[in-house]
Each structure stands twice: as C-alpha cells, then as structure tokens.
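> Dropping the sequence and predicted coords here.
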Amino acid sequence: MAMRFWLTAILMLGPLAGQVTQSLDLSTKSARAARKKYYVIFAARGGSATGHAFVLWGVEDDVHRRSTIRAYGLYPANSHDACNSVYRKVAGAVVDESANHGITNITEELIVKVDRADFERARAVERVWDCRHEFAILDRDCVEFVRAVGAALNLDIPTRTPARWTPRAYVRALMARYPSPKPL
C-alpha cells in the first residue's frame, strides 16, 4: 500500500518525464505493522543550471485513511543575496517547498521508510537549521541540509565532490548508495 500511495501521489502532483525514484526500508518489523507509516524523502528538481535539493516528510495513517506530506528546503532569505552566498554567509531560511516552490517537478528522489523515532529525529534537524538563519554555497546550502537530515538517519552519506556539488548530482549520488532491489 505504501508504494502505491507514493506512486499515486507522484502521478497526481506532476509529470513523470525523466523522474527517477528509489526506495529504502529502514523501518523495524513493529513499525511495518503499525497503523502509521513514516517516510523521509530526499528529492531534487531541475529547472535551473544546478537544480535544488530538499526533503519531504510523509506520514500514512491507515486508520484514518489519510496521508500528510511536508516538504522543506534551504534558501537564501533574500534572492538578491544568492550571488553573495558564494563568498560569505548570508541570511537563510528553511522554506515550505509545497507552498512556495511546488513539489511537482521532482526529478530524483530516494524514499526512505523509517520508524517514528527516526522520523522525529529528522524533523528535529529541519527545526535546528530553521533557527540558524544562515545560507552559504557549499557550506550551508540545500545540499548540506539534505546531508544533515541523512546523517540524522544514519545513512551512508556521500562526500561532496566537484562531480557532485550540485543539488541534483548530489541526490543522484545518494541514490546510488541505495539502489532499489530488483524485482524477481
């Protein structure tokens, strides 16, 4: 049911042209049997030279038959500071992707099923980053936000290299660490 939900959600949200989706189950047996299922999704979208990376948090409630999704990414607080963020830290903000930028143009995503405790730990990272109000390319940008959330889940986080410094390239590198199992 979980994968069916995500596939339906993705189909409703936008076109699948060029989209790559992988999944990883880190939940325990007891969590798989629970009434609520928790997901942390590492996503990237195109639309610019580098793209953008962000994180979605999803909860499936089997009892009430509803699901919720929250999506957040890190940005410079003022668009005119974006160029300055290459040289120095500027004011930053964790922004609600679904309200401000949309989540319809996801090009790559790694869907990670987790236990509630892992889910809450990952959400805590978002709140800490939101409180810092800083943004700097390669130091405190959208990729580093994704890396921090992944580290909170104890994922094998790839290092950031020249070949994967852009948001889309980095999410692809993260996905490469966790290839989806091949169907039998």
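Arrived safely.

> Rounded mean pLDDT for the longest helix seen in the chain, please.
The longest helix of the chain (DSSP state H) is helix 116-132. What helix 116-132 shows for mean pLDDT is 94.

> Need the contact partners of stretch 90-103.
For stretch 90-103, contacts defined as Cβ atoms under 8 Å, 6 or more residues apart in numbering pick out 13-14, 43, 45, 52, 54, 56, 69-78, 81, 84, 126, 129-130, 132-136, 140, 145. C-beta coordinates here come from the backbone N, C-alpha and C atoms, glycine included.

> For the longest helix of the chain, name the packing helices and strands.
strand 36-45, strand 52-61, strand 66-76, strand 90-96, helix 142-152 (3 or more Cβ pairs under 8 Å, 6 or more residues apart in numbering; DSSP states H and E).

> And the contacts of that helix?
26, 31, 34, 36, 38-40, 55, 57, 59, 72, 74, 92-94, 114, 140, 145, 148-149, 152-153.

> related to what we said a few turns ago, please, a ChimeraX command that selects the buried ones among the contacts of stretch 90-103?
Burial among the contacts of stretch 90-103 is assessed by 16 or more other Cβ atoms under 10 Å; the matching ChimeraX selection reads:
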select :43,45,52,54,56,69,71,72,73,74,75,76,81,126,129,134,135,136,140,145
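
> how about stretch 92-103: buried residues?
Quick answer for stretch 92-103 (16+ other Cβ under 10 Å): Gly92, Ala93, Val94, Val95, Glu97, Ser98, His101, Ile103.

> just stretch 27-45 next, same as before
Buried residues in stretch 27-45 (16+ other Cβ under 10 Å): Ser27, Ala31, Lys37, Tyr38, Tyr39, Val40, Ile41, Phe42, Ala43, Ala44, Arg45.

> Among these, which one lies nearest to Val63?
Ranked by distance to Val63 (Cβ to Cβ), these are led by Lys37 at 11.4 Å.

> What number of residues are in the vicinity of the closest residue to that closest one other than its chain neighbours?
Leaving out its chain neighbours, the residue that sits closest to Lys37 by Cβ to Cβ, 6 or more residues apart in numbering is Glu60, at 4.3 Å. For Glu60, the count of nearby residues is 21 (other Cβ atoms under 10 Å).
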